[in-house]
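In: Generate coordinates for the sequence data below:
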Amino acid sequence: IGNCKKSIEILTKAVELKKDNKEALCSIGYAYKNLGDASTAIKYFDRSLELDKSFWRTHHFRGFTNFLSGEHEKALHDMKLCIDYYPKHTDSYIMLGAILNALGQFRDSIKAFDSALKLEPSNPAWYQKQLALWWHHNLDKPHKEHNIDLDLDPQFKEFWAKRNNHQLLKTYIPQAAINESIPDVIYSTTTKSQDIKRLLEYTEWCGKLLHQDSPGYLVNKRQQRMAGLAALQIAQTMRAFWYSSKDAIDPKLSTHKGSGGKLTWRYIYDMVIRWRQFSEPNDPVWWVDLLTPEQFAEGFGSQTPMISGQTMVVRYSPMTPIAFPIMKEEMLKQMTFSKPIQEQVKKAQTCDDLYKIMKKDFYVATPCKSIRTGNILEGTRLTIQYVPPEGYDFTIRTAGTPARWKEYDAEMEHVFNLLTLAIRDNKHDMDKICNLILTLTFYWYNFMPLSRGTAACGLVGLVGLFLSVGFKINTVSPKGYLADWQAILCPDPEIFIQRARDWIYPARVKVDIREFKKLPLVATTFPSLRKMIEVLNLN
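Out: This next block holds a predicted model:
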């Protein structure tokens, strides 16, 4: 139920009573993994396997932990062993396929997904197989010739995001089989390229900023490398735009409809989203407005639980003490209650208390002040739903409807234009510029325009934009500080700026622009998916 520390305490006593309790040792490892402590988790998994090297469940969990830590080679080893000891474990075939896909080993990846589908024909692994084939077919094409969000069928993307039965797809045409003339990526953990070495050395600090020191977040080396390179690409591209007026881009590189090949706010995030999509093929990261028109009209909802039934979600339940008072405050503003009921709302301490008042599932929308119009935009929806027999889902849900999308698109464009003017102004007021970068990030988080990955892409975008104007941030966010939640649960960008600047502004360090300008361009150093995979595979 989410109390990992109590679980570890009880399981430790079980091991004290029975030293060869491989199941308890495995469970302790998994609890540490859920807390975000991979190194301790691995130690317990190792102890479990010392007792029984054929215990398939521990191999799977150790492999999963390594995968989430970006240790794909180690994860690959464990998934293969798990399958050797338990050939009917569908999830291990799926993980094996995802790992091989990420490494560029498409032929073996397809075989792994086929094995999973043989066991479970309607499994969502079907989508992952299709994506692996798409990656393979576009492996050597220049990025300007393809865009996975524009090229793939909208219904396919929607169904994969929802894990719907693929047999219900109506419009998607399956990918062609493996093209034998296209070789897999040659797996190597080293490079002789001095350009790549320079880029990796320069961006190491950027990538480390992606990790958030909060329960449930594992340090993922592969994602950190992605974040560093994506942030530098943003910085190089935007600096050229702001200081040299280079605003023309190839249409396939941007998903902004009607941009006419001109750089807009959306292209900042298109750059990082491409890296995010290809660094982790297990995640359906899509622009919501590029799903089916029907789903967009209904309002595709990004949903994140703080409480799920009786489970306190490790990553997000720490936000409950902040979100719950906001929910009560907005209930009193947005709903009409008698004075006795108002008092009940004020005194409520739990989801059960509020549900008994409302007697049904309900939500309130958090306010988000527009600096463009001064009006209040709809932020997220704090939602309580009853889950039988005696639990509740306490979640944030963001509905990506066309009307709301139009408002946030205009807000992002407005802030982007203000930022452009501030950077090009001869006064070059750096506090004003930095405040506008934080404002753009604030609206991005409240916008929540992706099916998944909004938080990571927003943080990478922030780091890249600061670098573009000559600053690096030399320390990670404070312990327990989640930038996306700070924005989502904040009604005004000014308040968000005040909270964020306490961490960011003292950590700003001026970069050597001459050194920056001498760096190879990320966009031309990694011009294809193959080159992106190769760099992500490096140690």
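In: CA atoms for contacts and neighbours, from now on please.
Out: Noted.
In: now Lys141: how far from Lys111?
Out: According to CA to CA, to the nearest Å, Lys141 and Lys111 sit 24 Å apart.
In: Can I get the strand ranked longest in the chain in CSV, CA atoms only?
Out: If each strand of the chain is counted by residues according to DSSP state E, the longest one is strand 376-387. Written as CSV, here are the backbone C-alpha positions of strand 376-387 (Å, rounded to 0.1, in the frame of the first residue of the first chain):
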residue,chain,number,x,y,z
ILE,A,376,-8.0,32.5,-15.2
LEU,A,377,-7.2,29.4,-17.2
GLU,A,378,-8.1,25.9,-16.2
GLY,A,379,-5.1,24.3,-14.6
THR,A,380,-5.4,20.7,-13.6
ARG,A,381,-8.4,18.8,-12.1
LEU,A,382,-8.0,17.6,-8.6
THR,A,383,-10.2,14.5,-8.6
ILE,A,384,-11.6,12.1,-6.0
GLN,A,385,-13.1,8.8,-7.1
TYR,A,386,-14.4,6.0,-4.9
VAL,A,387,-12.6,2.7,-5.4
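In: Contacts made by that strand with the rest, please.
Out: 309, 323, 327, 351, 355, 360-370, 392-399, 404, 407, 446-447, 488 (CA atoms under 8 Å, 6 or more residues apart in numbering).
In: how far does that strand sit from the chain's center?
Out: Taking CA atoms, centre = their mean, to the nearest Å, one finds strand 376-387 lying 21 Å from the centre of the chain it belongs to.
In: Tell me the helix or strand right after that strand.
Out: Tracing the chain C-terminally past strand 376-387 and defining elements by DSSP states H and E, one meets strand 391-400 next.
In: Which strands and helices lie in contact with that following strand?
Out: Using 3 or more CA pairs under 8 Å, 6 or more residues apart in numbering; DSSP states H and E as the contact criterion, the neighbours of strand 391-400 among helices and strands are strand 300-308, helix 351-358, strand 376-387.
In: From the chain's centroid, how far away is the one helix or strand Ile533 maps to?
Out: For Ile533, the host element (DSSP H and E) is helix 529-536. Average the C-alpha atoms of helix 529-536, do the same for its chain, and the two points are 19 Å apart (CA atoms, centre = their mean).
In: buried residues in that helix?
Out: Within helix 529-536, the residues scored as buried using 16 or more other CA atoms under 10 Å are Leu529, Arg530, Lys531, Met532, Ile533, Glu534, Val535, Leu536.
In: how about CSV for those residues, with pLDDT and distance to Asn375 added?
Out: Listed next are the buried residues of helix 529-536 as CSV, based on pLDDT from 0 to 100; distance: CA to CA, whole Å:
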residue, pLDDT, distance to Asn375
Leu529, 97, 43
Arg530, 98, 46
Lys531, 98, 46
Met532, 98, 42
Ile533, 98, 44
Glu534, 98, 47
Val535, 98, 45
Leu536, 97, 44
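In: Could I get the contacting residues of the residue sitting nearest the centre point of the chain?
Out: Within the chain, the residue whose C-alpha comes closest to the C-alpha centroid is Gly453; the distance, by CA atoms, centre = their mean, is 2.6 Å. Taking CA under 8 Å, 6+ apart, we find Gly453 in contact with Arg276, Val285.
In: and the gap between it and Lys517?
Out: As it turns out, when the distance is counted by CA to CA, Gly453 lies 30 Å from Lys517.
In: List the residues that contact the closest residue in space to Gly299 that isn't next to it in sequence.
Out: Computed as CA to CA, 6 or more residues apart in numbering, the closest residue to Gly299 that is not its neighbour in sequence is Thr401, at 4.1 Å. Thr401 makes contact with Phe296, Ala297, Glu298, Gly299, Phe300, according to CA under 8 Å, 6+ apart.
In: for Leu465, same thing?
Out: By CA under 8 Å, 6+ apart, the residues touching Leu465 are Ala231, Ile234, Ala235, Met238, Ile437.
In: Spell out the residue ranges of the strands in the stretch 201-350 of the chain.
Out: Along the stretch 201-350 of the chain, the segments classed as strands by DSSP state E, counting those that start in this stretch run 300-308, 311-312.
In: looking at those strands, which one has the lowest mean pLDDT?
Out: Ranked on mean pLDDT, the bottom entry among the strands of the stretch 201-350 of the chain is strand 300-308, at a mean of 87.
In: so His59 makes contact with Asp84?
Out: No - the pair His59 and Asp84 does not pass the contact test of CA atoms under 8 Å, sitting 10.4 Å apart.
In: higher neighbour count, these two?
Out: Between His59 and Asp84, His59 has the larger neighbour count (other CA atoms under 10 Å), namely 27 against 13.
In: A helix includes that one, no?
Out: Yes - under the criterion used here (DSSP: H, G, I helix; E, B strand; the rest coil), His59 sits inside a helix.
In: Check the gap between it and Asp52 for me.
Out: Applying CA to CA, one obtains 10 Å for the distance of His59 from Asp52.
In: In contact with the closest residue to Glu204 other than its chain neighbours, which residues?
Out: Spatial nearest neighbour of Glu204, chain neighbours left out: Gly228 (6.2 Å); criterion: CA to CA, 6+ apart. Residues counted as contacts of Gly228 (CA under 8 Å, 6+ apart) are Leu200, Thr203, Glu204, Trp205, Cys206, Gly207, Lys208, Val460.
In: redo that, cut-off 6 Å
Out: Contacts of Gly228 were listed using CA atoms under 6 Å, 6 or more residues apart in numbering, and they are Thr203, Cys206, Gly207.
In: Which one of the contacts of Leu465 is nearest to Gly374?
Out: Minimum separation from Gly374 among the contacts of Leu465 (CA to CA) is found for Ile437, which lies at 18.9 Å.
In: Check the gap between that closest one and Met412 for me.
Out: For Ile437, the distance to Met412 - CA to CA - is 11 Å.
In: out of the contacts of Thr401, who's nearest Tyr187?
Out: Within the contacts of Thr401, distances to Tyr187 taken as CA to CA reach their minimum at Phe300, with 37.8 Å.
In: Test my guess that that closest one contacts Gly400.
Out: Yes - counting by CA atoms under 6 Å, a contact exists between Phe300 and Gly400, whose distance comes to 5.3 Å.
In: The two: who's more crowded?
Out: For Phe300 and Gly400, the more surrounded residue by other CA under 10 Å is Gly400, and the numbers stand at 26 against 23.
In: For the residue lying closest to that one once chain neighbours are set aside, list the residues it contacts.
Out: Distances taken as CA to CA, 6+ apart put Gly299 closest to Gly400, at 4.6 Å, once the chain neighbours are dropped. The contact partners of Gly299, by CA under 6 Å, 6+ apart, come to Ala399, Gly400, Thr401.
In: Do I have it right that the first one meets Gly301?
Out: To tie it back to what came earlier, the one meant is Ala399. Yes - taking CA under 6 Å as the definition, Ala399 is a contact partner of Gly301 at 4.4 Å.
In: quick one: which of those two has more around it?
Out: Each of Ala399 and Gly301 has its neighbours counted (other CA under 10 Å); Ala399 has more, 24 against 21.
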